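Chemist: quick one: sequence and predicted model below, then my questions.
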Amino acid sequence: MDLFNRSLTSGICLIAMIVLIGGCLESHNANYAKLGLIPVTGKISLDGAALPDAVVFFEQTSGTKSYATTDENGNYRMKFNSKVDGVLAGEVIVRISTTAKTGELSAEDGDPDAPKKPKKVELVPKAYHKDSNLKLTIPSGNNVFNFDLKSDGSTTGPS
């Protein structure tokens, strides 16, 4: 009887492991269309000059974030994640920083022989990142939000 119980227990464990492993190996493709992501682009400048390599976050009240990095001309295109562009509709707090990271890896991040980048200096006042008061409501449709930030922190929304 003891041998029977061991065999039964082993068999149940084996079946459970197969089911669990099979579930982990199954491919799950997210259906981003159901989210209703909205395209958002724009330009960031500081005191009238384009702000390159700035990180832009649109943070929902739920905590969900979309992000972008500005190009050499200060232009950005918001991404929901590394696979799709867009922002969820609704209210967001906008955070802009020259020292923040998006979480995406660059080619140099995995290369131990890549030259070390100098430490970035924050060019953007705290009023636009840590203590941001920049708020938007993202409506449906294509949206362009340009921000001309001021060194004194007086910008309160898109221009």
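Modeler: Cool, the structure landed.
Chemist: who are the contact partners of the residue lying closest to Leu37 once chain neighbours are set aside?
Modeler: Excluding its sequence neighbours, the residue lying closest to Leu37 (CB to CB, 6 or more residues apart in numbering) is Gly86, at 2.7 Å. Glycine gets a C-beta too; all of them are placed from N, C-alpha and C. By CB atoms under 8 Å, 6 or more residues apart in numbering, Gly86 lies in contact with 32, 35, 37-40, 66, 78-80.
Chemist: now swap in Asn142 and tell me
Modeler: 38-39, 41.
Chemist: export those residues to CSV and tack on secondary structure, neighbour count and pLDDT?
Modeler: Listed next are the contacts of Asn142 as CSV, based on DSSP: H, G, I helix; E, B strand; the rest coil; neighbours: other CB atoms under 10 Å; pLDDT from 0 to 100:
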residue, secondary structure, neighbour count, pLDDT
Ile38, strand, 20, 95
Pro39, coil, 13, 96
Thr41, strand, 15, 97
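Chemist: tell me which of those is nearest to Asn73?
Modeler: Distances from Asn73 to these, taken as CB to CB, are shortest for Thr41 (12.1 Å).
Chemist: next, count neighbours for the spatially closest residue to the closest one that is not a sequence neighbour.
Modeler: Leaving aside its sequence neighbours, Thr41 sits nearest to Arg77 (CB to CB, 6+ apart; 4.9 Å). A count of nearby residues for Arg77, using other CB atoms under 10 Å, gives 15.
Chemist: report the contact partners of Arg77.
Modeler: 39-41, 68, 85 are the contacts of Arg77 under CB under 8 Å, 6+ apart.
Chemist: show me the shaky parts of this protein.
Modeler: 1-28, 103-112, 114, 116-118 (pLDDT under 70).
Chemist: can you pull out the helices in it?
Modeler: 2-25 (DSSP state H).
Chemist: show me where this protein has strands.
Modeler: Remark: strands assigned in the chain by DSSP state E are 40-46, 49-50, 55-60, 65-69, 75-77, 90-97, 134-138, 143-144, 147-149.
Chemist: what's in contact with the longest one?
Modeler: The reference is to strand 90-97. 44, 51, 54-61, 66, 122, 124, 128-130, 132, 134-138, 145, 147, 149.
Chemist: right, I'll call it a day here.
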